[in-house]
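In: Predicted structure and sequence below. I'll ask about it afterward.
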Amino acid sequence: MIQLRKAQDRGHANHGWLDSWHTFSFADYHDPRHMGFSALRVINEDRVSPGEGFPTHPHRDMEIITYVLEGALEHKDSLGTGSVILPGEIQRMSAGTGIRHSEFNHSQSDPVHFLQIWILPSSQGVQPGYEQKLIDIAKLNGNLRLVASPDGRDGSVTIQQDARLYAARLNNEEVTHALTPGRHAWIQVARGAVRINGTMLQAGDGAGIENEPSLQLAADGSAEVLLFDLP
């Protein structure tokens, strides 16, 4: 079963400096029908104006993943981490017992476009942590590349949940992902258009998937897609 979540049906907040679309309930957007999917709690598609950003604020007991599509995002946190996240990199922050951080557009001239993802951890009260890794772009082209996992294999960042995040860039190509019985999947199209088992998704669309033994992702033209394999 594939449940489509169209881009235009998401929650939307435009603060001038921030244009944000919420796949699931977040901040002032609340929809009891869309509170998350399995362990996936938040997918926000954010565009932040040059030099603007989110001042220091707290989180706890959440696995937070940032995936930059365009531009550069500057990160600072209470662990003493300071970094800039670029396209082709993946960032994971485990909030655990508590962490404070800020995120700003690193550029004074160009906007930054990114996805911020929250995953519920399998255990609460873990030690806060930070990880940022370079993704081999060549392995994204025509492939589902593992970028986050519970064991950090294949160069992925490590998350505190039995979930796996894959990214792919497809150009008139098709990839297949097998789902273990009882597992769920969420597809989020970052760019372009992709058919999932024959169902068309456009940029910004998502889909929750249950009771499908395998997923065929076929791009019409150039596309970038995230696939969450979830408990």
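Out: On my side now, so go ahead. Numbers count the residues shown, from 1 in each chain.
In: Make sure residue 171 is actually in contact with residue 219.
Out: Yes: Residue 171 is in contact with residue 219 according to C-beta atoms under 8 Å; the separation is 6.5 Å. Heads up, the C-betas are built off the backbone N, CA and C, glycines and all.
In: So if I had to pick from those two, which one is more boxed in?
Out: residue 219 (23 against 11; other C-beta atoms under 10 Å).
In: Could you pull out the buried residues of the worst-scoring helix or strand of the chain on mean pLDDT?
Out: In the chain, the helix or strand scored least confidently by mean pLDDT, DSSP states H and E is helix 137-140, which has a mean of 86. Residues of helix 137-140 classed as buried by neighbour count (16 or more other C-beta atoms under 10 Å): 139, 140.
In: Report all helices and strands that that helix contacts.
Out: strand 164-171 (3 or more C-beta pairs under 8 Å, 6 or more residues apart in numbering; DSSP states H and E).
In: Alpha carbons of the helix or strand following the strand it packs on, as CSV, please.
Out: Going down the chain from strand 164-171, the next helix or strand is strand 174-178, by DSSP states H and E. Output in CSV follows, covering the C-alpha atoms of strand 174-178 (Å, rounded to 0.1, in the frame of the first residue of the first chain):
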residue,chain,number,x,y,z
GLU,A,174,15.5,2.8,-12.1
VAL,A,175,16.6,1.3,-8.8
THR,A,176,15.0,-1.4,-6.6
HIS,A,177,14.8,-1.7,-2.8
ALA,A,178,13.6,-4.9,-1.1
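In: Direction included, what does strand 174-178 pair against?
Out: When pairs are called by DSSP bridges, strand 174-178 turns out to pair with strand 214-219 (antiparallel).
In: contact partners of the partner strand?
Out: With contacts defined as C-beta atoms under 8 Å, 6 or more residues apart in numbering, strand 214-219 is touched by 144, 168, 170-179, 185, 187, 192-198, 209, 225, 227.
In: Next one, pLDDT for the residue nearest the centre of the chain please.
Out: Nearest to the mean C-alpha position of the chain, counting by C-alpha atoms, centre = their mean, stands residue 117 at 4.2 Å. Residue 117 carries a pLDDT value of 98.
In: Beta-bridge partners for it, please?
Out: Here residue 117 sits in beta bridges with residue 43, residue 65, going by DSSP bridges.
In: who's in contact with it?
Out: Contacts for residue 117 (C-beta under 8 Å, 6+ apart) come out as 40, 42, 43, 44, 64, 65, 66, 67, 165.
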